[in-house]
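> Got a sequence here, can you model it:
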Amino acid sequence: MRTALLLSSLGFASLLLAPAHAADPLTGRPLKEDSRYLHNSQFLLSFGIQNGGNEMWALTDKDTGEQVDSSRAGGYTRLTFGGDIALGASAFSVEVVAGVLQDSLRGDLDSGKSVFKRKIIELIPFWNFDRHRVGVGAVAHLEPTFYANPAGPGGYSQEFEDAVGAVLQYDIRLDQNISVGARYTYISYEKTDEIEMIGSRPLLPRNEYSGNAFGIHITYAF
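From the prediction side, this is the model:
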């Protein structure tokens, strides 16, 4: 349900942010001279959503006991800022960005709330062609920490080792400043030696969690 809502929101936002420009009367596509799909160095501000990976925490309904949602190691909202550096007159560029990735569940439910937060740094070489670009690169997730506050007093947290993974990304420009895209991230998280316990059992049952995830995003370049 969360994914469907944010997918709709991103699509609506891209329509609102994209400025009007002339179009080819035969194809309906933007005229290149008007939309100015120039390949140059720019700053980037990007917001996206993603989902996937192993389940970490479940929210269940108080009355029925049914699971209504779950926090996953690959989710959920991603916010980054950085730059795309054009490599001379070639079709290649290198994107360097930093930001945060967080999956948060909250509700008046039996299992309270949970947050899985990590800082991210990405280095992605891109091949640019016309309105499109495709890139494969590396991503580092720093200080991954899972927080849980089950119903009742107290709270718990489980730290993970810093993780390095790979990312495959595709973007298409709507104009010189606005682009939308999709990405796949391959990464996993391993607990530190300090295991958080609730009584006689660990807060999280696995020692390692897959964070592999598919996502979409919208980017403003300036």
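> Look up the closest residue to Lys113, ignoring the ones flanking it.
Spatially, and ignoring its direct neighbours in sequence, Lys113 is nearest to Arg106 (4.2 Å; Cβ to Cβ, 6 or more residues apart in numbering). In short, each C-beta sits where N, CA and C put it, glycine included.
> oh sorry, the question was meant for Glu161
Spatial nearest neighbour of Glu161, chain neighbours left out: Glu190 (5.0 Å); criterion: Cβ to Cβ, 6+ apart.
> And the next helix or strand past the helix or strand harbouring that neighbour?
Using DSSP states H and E, Glu190 falls within strand 188-190. Using DSSP H and E, the helix or strand that follows strand 188-190 towards the C-terminus is strand 197-198.
> Look at Val94 and give its secondary structure.
Here Val94 is recorded as strand under DSSP: H, G, I helix; E, B strand; the rest coil.
> Can you verify my assumption that it contacts Ile85?
Yes: in this structure Val94 lies within contact range of Ile85 using Cβ atoms under 8 Å: 5.0 Å.
> Might you report the residue contacts of the closest residue to Phe81 other than its chain neighbours?
In space, and not counting its chain neighbours, Phe81 is closest to Leu45: 5.3 Å by Cβ to Cβ, 6+ apart. Leu45 makes contact with 80-81, 219-220, 222 under the criterion Cβ atoms under 8 Å, 6 or more residues apart in numbering.
> Then Leu45 would be within a strand, right?
Yes: using three-state DSSP, the assignment for Leu45 is a strand.
> Could you give the bridge partners of it?
Phe81, Tyr220 (DSSP bridges).
> So which bits of the strand holding Glu190 are buried?
Using 16 or more other Cβ atoms under 10 Å as the test for burial, strand 188-190 gives 188-189.
> Which of the three states applies to the one residue sitting closest to the centre of the chain?
Most central in the chain under Cα atoms, centre = their mean is Arg78, positioned 3.7 Å from the mean C-alpha point. Of the three states, Arg78 takes strand under three-state DSSP.
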